[in-house]
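Asker: generate coordinates for the sequence data below:
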Amino acid sequence: MIIPLRKQLFCKRIYHYLLAGILICLFESLAAQTKVEPAVKLYPVGEAWAKNSINAIIFRKNSLVTFKKHQYIAFYNEQGKVVIGKRKIGMSDWTLVTTDYAGNVKDAHNTISIMVDGDGYLHLSWDHHNNPLNYCRSKIPESLEMGPKMAMTGSQETRVAYPEFYKLANGDLLFTYRNGESGKGNLILNRYDHLRKKWSTLHDNLINGEGQRNAYIQTTVDKKGIIHLSWVWRTSADVSTNHNMCYARSTDGGQTWERSNGEGYTLPITAANAEIAALIPPNSELINQTSMTTDDGGNPVIATYWKESAKEVPQYHLIYLEDGLWKIRMLPFRKTDFSLSGVGTKRIPISRPQILASRHKGKSLFYMIFRDEERRGRVSLAKVTTDEGDRLEIVDLFDEDMGAWEPTFDTELWKNKKRISLYLQKVEQADLEGQTDFPPQMVSVLEWKP
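Answerer: The predicted structure follows:
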C-alpha cells in the first residue's frame with residue numbers, strides 16, 4: 001500500500017515528538033539520579049592511610065564526636081600512628097596530635113573508636129582483631145593529651161574485636177566488643193561511670209554464640225535512653241553464613257534486656273531464644289555490622305542489604321517495628337549482582353548503609369547514607385518513608401568517586417543539632433584483606449543540615 005506524502009510527514013512528525021519525549025524523560029531521570037544536594041560544607045583535616053578501608057569502615061563508633069563547642073576526630077596516618085584532632089564547630093582549623101599509639105593498618109578490622117564522656121574526657125580504643133584490649137583516655141577534660149594504655153575491668157580483655165562506644169544521657173558510656181572470633185564469639189557489655197571514672201562489666205556474655213556462632217551487632221540509644229541492639233548470626237568466618245536479623249532492648253541502662261513486646265529475656269541471649277525481626281536464610285548476601293536508629297516513637301529501624309532470591313540482586317532494606325509488628329521495606333533501585341562469599345574484608349561495589357531518623361510534615365523520614373558503584377561511587381543519601389506513600393528520593397552529597405569508603409558520622413551532633421557530619425576519605429580495599437598501593441588521601445568532614 002502506498003501512503004500519501006502528507007501522511008508520511010505527519011507520521012514522521014509524531015514519531016519525532018514521541019522520541020523527543022522519551023529522551024527528555026530519560027535525561028530528566030538521569031538528572032534526578034545524579035542530583036547533588038545543596039548546602040553541603042567540606043572541612044579538610046589532613047592526609048591519612050588509604051591502602052585499605054580501615055579509616056573509613058562503617059563499624060567505627062565513632063570516627064567523629066562532638067562535645068559542647070568542639071568536634072573530635074581520629075584516624076591512622078601513613079605510618080599507622082593514631083592521630084587525634086579537634087576543631088571548634090563551624091571552623092575549618094584543626095588541631096592535630098600524632099600519638100605514640102599505632103595499629104596494624106594492614107588489617108581493615110583494626111579500627112579506631114572514640115567517644116567523649118559527660119565530663120569531657122576523650123576515650124580512645126584502637127587496633128583490635130582478636131587481640132588484647134587497647135584503651136586510654138585523655139589526661140584532662142577536652143584535651144588531646146592522652147594518658148597511658150590501661151585496662152577497663154581486667155576481665156575478658158585478651159581477645160577483643162569491634163570495640164564500640166555509646167554515650168548515655170547522664171554522661172556515662174557503654175562499650176561493646178566481641179570476645180572470641182568469627183563464628184565463635186560472645187558479646188561483652190561494659191559501662192563507664194563518669195562520676196567515679198570507673199568501668200564495670202554489665203554482661204560478660206550478653207549474646208552467647210555457644211561456640212557455634214557469633215553475633216554481628218548494630219546498636220543505638222534513643223532519646224529516652226533505651227538501648228536498642230540488633231544483630232545477624234554467623235556460623236563461620238565465611239560472610240555468606242550470615243543469617244536472620246534479631247533484636248533486643250534495655251530500658252534500664254543495659255542491666256536487663258527484653259523483646260520488642262516487653263517480654264524479658266533470660267540471659268544470655270542465644271539462637272534459641274532470640275527474637276527474630278526478619279527471617280533471612282544463609283547465602284542471601286546478607287551483610288553484617290550495618291546501622292540502626294529509632295523514629296520519634298522509639299520504634300527501631302534497621303538498615304542493611306541482602307537478596308531476596310537467587311534470581312534477584314542485593315538490595316538495601318529497612319527492617320522496622322510498626323504497631324508491634326516487624327515489617328520490611330525493600331528499596332529496589334539496584335541492578336548489579338555480587339557475592340559476599342569468602343573470608344576477610346572484601347571489596348564490595350556498595351557500602352553498608354547508615355540510617356538516621358527525622359520528621360517531615362508530621363511523619364517519620366529516614367536518611368540512608370551509602371555508596372554505590374552504580375552511582376559512580378559518590379556519597380549518596382536516600383530519603384525514605386515507611387508510610388502509605390513509600391517515598392524514596394536519592395540525592396548525592398558529594399560528587400566524587402570515594403572508592404571503598406563507608407559512612408560513619410558524628411552521633412552526638414546529630415542527636416543535639418540534627419546536623420549530619422560525615423567522616424570523608426577516599427580509600428581502596430583489595431578483596432580478602434589484600435593490600436593496594438593507594439597513596440595517602442585527604443580526610444575531610446562533610447556537613448549537611450536537612
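
Asker: how many neighbours does residue 261 have?
Answerer: Around residue 261 sit 8 other residues, with neighbours defined as other CB atoms under 10 Å. Yep, even glycine has a C-beta here, placed from its N, CA and C like the rest.

Asker: and the gap between the nearest residue to it once chain neighbours are set aside and residue 220?
Answerer: Here the nearest residue to residue 261 in space, its sequence neighbours aside, is residue 324; by CB to CB, 6 or more residues apart in numbering that works out to 6.6 Å. Distance, residue 324 to residue 220, using CB to CB, to the nearest Å: 19 Å.

Asker: where does residue 105 fall, phi/psi-wise?
Answerer: Phi and psi for residue 105, reported as degrees, to the nearest 10, are phi -70, psi -10.

Asker: got it, and residue 199?
Answerer: Dihedral pair for residue 199: phi -90, psi 150, per degrees, to the nearest 10.

Asker: so residue 225 makes contact with residue 167?
Answerer: No: if you go by CB atoms under 8 Å, residue 225 and residue 167 don't touch, sitting 10.6 Å apart.

Asker: show me where pLDDT drops low in the stretch 351-450 of the chain?
Answerer: 388-389, 433 (pLDDT under 70).

Asker: helices of that one, start to end?
Answerer: According to DSSP state H, counting those that start in this stretch, the stretch 351-450 of the chain carries its helices in the segments 411-417.

Asker: the strands in it, which residues?
Answerer: With DSSP state E, counting those that start in this stretch as the criterion, the stretch 351-450 of the chain has strands at 354-360, 363-371, 379-384, 392-398, 420-424, 441-448.

Asker: the third one packs against which elements?
Answerer: Read that as strand 379-384. Applying 3 or more CB pairs under 8 Å, 6 or more residues apart in numbering; DSSP states H and E, one finds that strand 379-384 contacts strand 325-331, strand 363-371, strand 392-398.

Asker: try the shortest one
Answerer: The contact analysis (3+ CB pairs under 8 Å, 6+ apart) places strand 420-424 against strand 64-67, strand 70-76, strand 363-371, helix 411-417, strand 441-448.

Asker: quick one: the helices in the stretch 1-150 of the chain?
Answerer: Going by DSSP H, counting those that start in this stretch, the stretch 1-150 of the chain shows helices at 5-33.

Asker: ranges for the strands of it?
Answerer: Under the criterion DSSP E, counting those that start in this stretch, the stretch 1-150 of the chain contains strands at 40-48, 64-67, 70-76, 81-88, 95-102, 112-116, 122-126, 135-137.

Asker: looking at these, spot the one closest to residue 181.
Answerer: Closest to residue 181 of the strands of the stretch 1-150 of the chain, according to CB to CB: strand 122-126, at 18.4 Å.

Asker: what strands flank that closest one, and is each parallel or antiparallel?
Answerer: strand 112-116 (antiparallel), strand 135-137 (antiparallel) (DSSP bridges).

Asker: state the mean pLDDT of the first one.
Answerer: To tie it back to what came earlier, the one meant is strand 112-116. Mean per-residue pLDDT for strand 112-116: 98.

Asker: quick check: angle from that strand to strand 81-88?
Answerer: Following axes from the mean of the first three to the mean of the last three CA atoms, to 10 degrees, one obtains 30 degrees for the angle between strand 112-116 and strand 81-88.

Asker: buried residues in strand 112-116?
Answerer: Neighbour counts over strand 112-116 (16 or more other CB atoms under 10 Å) mark 112-116 as buried.

Asker: check the offset of it from the chain's centre.
Answerer: Distance of strand 112-116 from the chain centroid (CA atoms, centre = their mean, to the nearest Å) equals 15 Å.

Asker: list the contacts of that strand.
Answerer: The contact list for strand 112-116 (CB atoms under 8 Å, 6 or more residues apart in numbering) reads 55, 60-63, 65-67, 72-76, 82, 84, 103, 122-127, 142, 163-167, 173, 412.
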